[in-house]
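Colleague: Make a model of this:
(2 chains)
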2 protein chains.
Amino acid sequence: MAIVISHITHLECPRCHRKYSADALSTYCVCGSPLFAKYDTTQAREDVEKGQFPSQVNSMWRYSQLMPVKSPLHVISLGEGWTPMLTPRRLGKHLGLKMLRIKDESQNPTASFKDRGLCTAVSKHIELGVNEFALPSAGNAAVSMSAYCAAAGAKATIFMPADTPRPFFDECRLFGAETISVEGDISDAGREMNKMNGDWTVLSTTKEPYRVEGKKTLGFEICEQSGWRVPDIVICPTGGGTAVIGIWKAFDELEALGLIGRERPRMFAAQSGGCAPIVHAFEKGLDTIEPWMNGRTQALGLRVPSPFAGRLILQALRRSGGGAVAVADQDIVEIKSMVGKMEGMNICPESAVAIAGLRNLLESGKIDYDEDVVLLNTGNGSRYTNLRGSTQDTTTIDSQ
Amino acid sequence: MAIVISHITHLECPRCHRKYSADALSTYCVCGSPLFAKYDTTQAREDVEKGQFPSQVNSMWRYSQLMPVKSPLHVISLGEGWTPMLTPRRLGKHLGLKMLRIKDESQNPTASFKDRGLCTAVSKHIELGVNEFALPSAGNAAVSMSAYCAAAGAKATIFMPADTPRPFFDECRLFGAETISVEGDISDAGREMNKMNGDWTVLSTTKEPYRVEGKKTLGFEICEQSGWRVPDIVICPTGGGTAVIGIWKAFDELEALGLIGRERPRMFAAQSGGCAPIVHAFEKGLDTIEPWMNGRTQALGLRVPSPFAGRLILQALRRSGGGAVAVADQDIVEIKSMVGKMEGMNICPESAVAIAGLRNLLESGKIDYDEDVVLLNTGNGSRYTNLRGSTQDTTTIDSQ
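Modeller: Okay, the predicted model is just below:
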């Protein structure tokens, strides 16, 4: 770990502009909006001009100037971020795209993009003196929080829907977390967590200010790995929406640093038609999101009925000139299998939704075939035993 | 992918020094030894001095001058290598070590260190015109070869012991490989493959010259990530031994390039007491390895009765001043669980063997507590359902 010099100054509400200290525990603004961390970008710009940013650090902590943790001693790192940007040529050709790239977030410590946010949130809260955490999760975030809590020597309690596949529970428990299984979806899990009202700090998506700071490094890396160019299109499978908000925030910070100009990619959120509250709100022209009752999808990370940061997600999609797309759940297995055979990648069902969404957007002319598209593979597919097929086509030989 | 300029000149037998072309298909030497790739290190040294090596490439292809693939068009990359070097402080403290680092190979595309070798071997063979591959494997190598064959559009046929856990078969099939299940161990799987005698090129460990070239990048990275310092100790869980041979080869090449001097780490191989042919041969002072019949271990990757490169493995361990250590299989689950709770890492059973081995070597005084130790976590533990415990301690709440 290189020396961390954070230029964080305070927290600020992006809606009503109230300010809060970054040295005290915070949740969200009194007006109900998530809070954003703010930095002294003049100082950070001087660092960049002196060539101190980005450093040679082989993780997202290369961007430590724009990260909220002040002391390197508090960074609990498992090697998160600085993941590869792949060029899936056969898939790109199949879709007819001139330039498709996949940011492969399955190559994170616990095999999903959740590591960026939870590493940052756990580390910052350790710095603020917290040593006990809770989280409602659809799966990947629970595994990630459990891992960082283990590495930090902190206590983790996670609440997951009872139908979350067993490998998610197993892995949380391997990391020493207390696991609680709740009938229902992630909102029900959150309600049970609140009822239990433990002596913990809750790291729910966008209900504390720091997970989004970790996720924004995706935006930094997408630009840096493109030679500080901004792609035409970014597509995120979207549940709670931290990636959309984080990546969008990243561009403003990179512009303040002089690394990019005013150009922005068009941002698209992909959801399953079985739980598509963002697509619904986007298409209806709403400013906030109406809860999607009894959502059903095999892409468990997208089963988020009412994302807390709905207003910010919709703003980012609209201001970018992008949009939101829903796809049929039955496309998931087909796409996952196609990408496996074509590219040797075991993508998660959420990313299959994003690829199906990209196909729809291309077919409907909302994205042009000559645009430069970056798509997130948000995690590895192997824990999703809900999608596992049969193994009947393995040949068996008895050599005895 | 940056421009690849390989300085490969030819293949050479490290035992009898016969030379072979690197532009034709090769297996092993007529004398029975594996073959090594040789490079024009004078040319490569000029590149390094001009600052062209290592480049900013975020994968093991940063070392393309010392890799065998000549054209960048033939590199089938999924973002392999350039994995994090972690500092597991709580584990290190628990063992009493002043400086323990873990090279976390679970953060490779298919979650194991096999990606380095199979990426290189598949890519080089694609360059040589091959389009169909076969492999006997204990699991991780099969998944890896299947992934790279998929990305290359090549056909893969894999032979695995029938008791290999189902997730390994599932993942190979997701990548479109033909999977054949054989009663017995990896040697039996190899025999069945040979009997079937398909129209394929076999990528068995050290029976072709290029997997070791991928694995050697581990040695490059260990040194580069230590600021071109050589650690005191390197510990590898060892089955077929490609990592030991590859890392050892890397130091000679780095010395030829002027990046390190004559210093070398002491290299240790860790095996399970249930299948410890290398430990047996090392302790008996043998030059070659006697097959270990009916080996049994939960660390499936270490169930290799008779590694083909036995002579080279034993040479590397002896010349380095290192050794070989066997541990009890029952330590695997305890260590895996301890590392999970202490560091938030889901290590594979093979790496648990390496940690148990390190503990033994410290206790017996063969490694000093103030030595700088690098240990390989060769892969992620999640596919090893043979080790899965019960989930009885998850609390269940019905929120309805």
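
Colleague: CA only for contacts and neighbour counts going forward, please
Modeller: Fine.

Colleague: Put the alpha carbons of whichever strand or helix holds residue A:219 into CSV.
Modeller: Here residue A:219 is covered by helix A:217-224, with elements defined by DSSP states H and E. C-alpha atoms of helix A:217-224 as CSV (Å, rounded to 0.1, in the frame of the first residue of the first chain):
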residue,chain,number,x,y,z
THR,A,217,-13.1,4.3,-9.1
LEU,A,218,-14.8,2.3,-11.9
GLY,A,219,-15.3,5.6,-13.7
PHE,A,220,-11.6,6.5,-13.0
GLU,A,221,-10.4,3.2,-14.3
ILE,A,222,-12.6,3.2,-17.4
CYS,A,223,-11.1,6.5,-18.4
GLU,A,224,-7.5,5.8,-17.4
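
Colleague: close to chain B, is it?
Modeller: No - using Cα under 8 Å from any Cα of the partner chain, helix A:217-224 never reaches chain B; the gap is at least 11.3 Å.

Colleague: Where do the helices of chain A begin and end?
Modeller: The residue ranges that make up the helices of chain A, judged by DSSP state H, are A:41-49, A:89-95, A:114-127, A:140-152, A:166-174, A:186-196, A:211-215, A:217-224, A:242-256, A:277-284, A:310-319, A:331-343, A:349-363.

Colleague: Make JSON lines out of those and add mean pLDDT and mean neighbour count.
Modeller: Below are these laid out as JSON lines (pLDDT from 0 to 100; neighbours: other Cα atoms under 10 Å in any protein chain shown):
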{"stretch": "helix A:41-49", "mean pLDDT": "89", "mean neighbour count": "17"}
{"stretch": "helix A:89-95", "mean pLDDT": "96", "mean neighbour count": "16"}
{"stretch": "helix A:114-127", "mean pLDDT": "98", "mean neighbour count": "27"}
{"stretch": "helix A:140-152", "mean pLDDT": "98", "mean neighbour count": "28"}
{"stretch": "helix A:166-174", "mean pLDDT": "96", "mean neighbour count": "23"}
{"stretch": "helix A:186-196", "mean pLDDT": "96", "mean neighbour count": "18"}
{"stretch": "helix A:211-215", "mean pLDDT": "98", "mean neighbour count": "28"}
{"stretch": "helix A:217-224", "mean pLDDT": "96", "mean neighbour count": "23"}
{"stretch": "helix A:242-256", "mean pLDDT": "97", "mean neighbour count": "22"}
{"stretch": "helix A:277-284", "mean pLDDT": "98", "mean neighbour count": "20"}
{"stretch": "helix A:310-319", "mean pLDDT": "98", "mean neighbour count": "20"}
{"stretch": "helix A:331-343", "mean pLDDT": "97", "mean neighbour count": "21"}
{"stretch": "helix A:349-363", "mean pLDDT": "98", "mean neighbour count": "24"}
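
Colleague: TSV for those helices, including distance to residue A:64?
Modeller: Rendered in TSV, the data for these read as follows (distance: least, Cα to Cα, whole Å):
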stretch	distance to residue A:64
helix A:41-49	10
helix A:89-95	33
helix A:114-127	11
helix A:140-152	18
helix A:166-174	28
helix A:186-196	31
helix A:211-215	10
helix A:217-224	10
helix A:242-256	13
helix A:277-284	32
helix A:310-319	24
helix A:331-343	33
helix A:349-363	28
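
Colleague: quick one: which of those helices is nearest residue B:29?
Modeller: Within these, the stretch nearest residue B:29 is helix A:331-343; the backing value is 33.8 Å (Cα to Cα).

Colleague: That closest one vs helix B:166-174, what angle?
Modeller: 80 degrees (axes from the mean of the first three to the mean of the last three Cα atoms, to 10 degrees).

Colleague: Is helix A:331-343 in proximity to chain B?
Modeller: Yes - contact between helix A:331-343 and chain B is present through A:337, A:340-343 (criterion: Cα under 8 Å from any Cα).

Colleague: what does stretch A:72-87 give?
Modeller: Yes - judged by Cα under 8 Å from any Cα, stretch A:72-87 comes into contact with chain B through A:77-79, A:83-86.

Colleague: on that earlier part again, any chance you could list what contacts the helix holding residue A:219?
Modeller: Counting by Cα atoms under 8 Å, 6 or more residues apart in numbering or on different chains, helix A:217-224 makes contact with A:60, A:63, A:81-82, A:85, A:103, A:116, A:229-231, A:243, A:246-248, A:250-251, A:254, all of which sit outside it.

Colleague: List the contacts of the residue positioned nearest the centre of chain A.
Modeller: Compute the mean C-alpha point of chain A, and by Cα atoms, centre = their mean the closest residue is residue A:243, 4.1 Å away. Contact partners of residue A:243, counting by Cα under 8 Å, 6+ apart, are A:212, A:215-216, A:218, A:236.

Colleague: what about 6 Å?
Modeller: residue A:215 (Cα atoms under 6 Å, 6 or more residues apart in numbering or on different chains).

Colleague: do the same with residue A:352
Modeller: Residues near residue A:352 by Cα under 6 Å, 6+ apart: A:332, A:335-336.

Colleague: The residue nearest to the centre of chain A and residue A:213, how far apart?
Modeller: Distance check for residue A:243 against residue A:213: by Cα to Cα, to the nearest Å, it reads 10 Å.

Colleague: Kindly report the residues of the stretch 201-350 of chain A close to chain B.
Modeller: Proximity of the stretch 201-350 of chain A to chain B is confined to A:340-344 under the rule Cα under 6 Å from any Cα of the partner chain.
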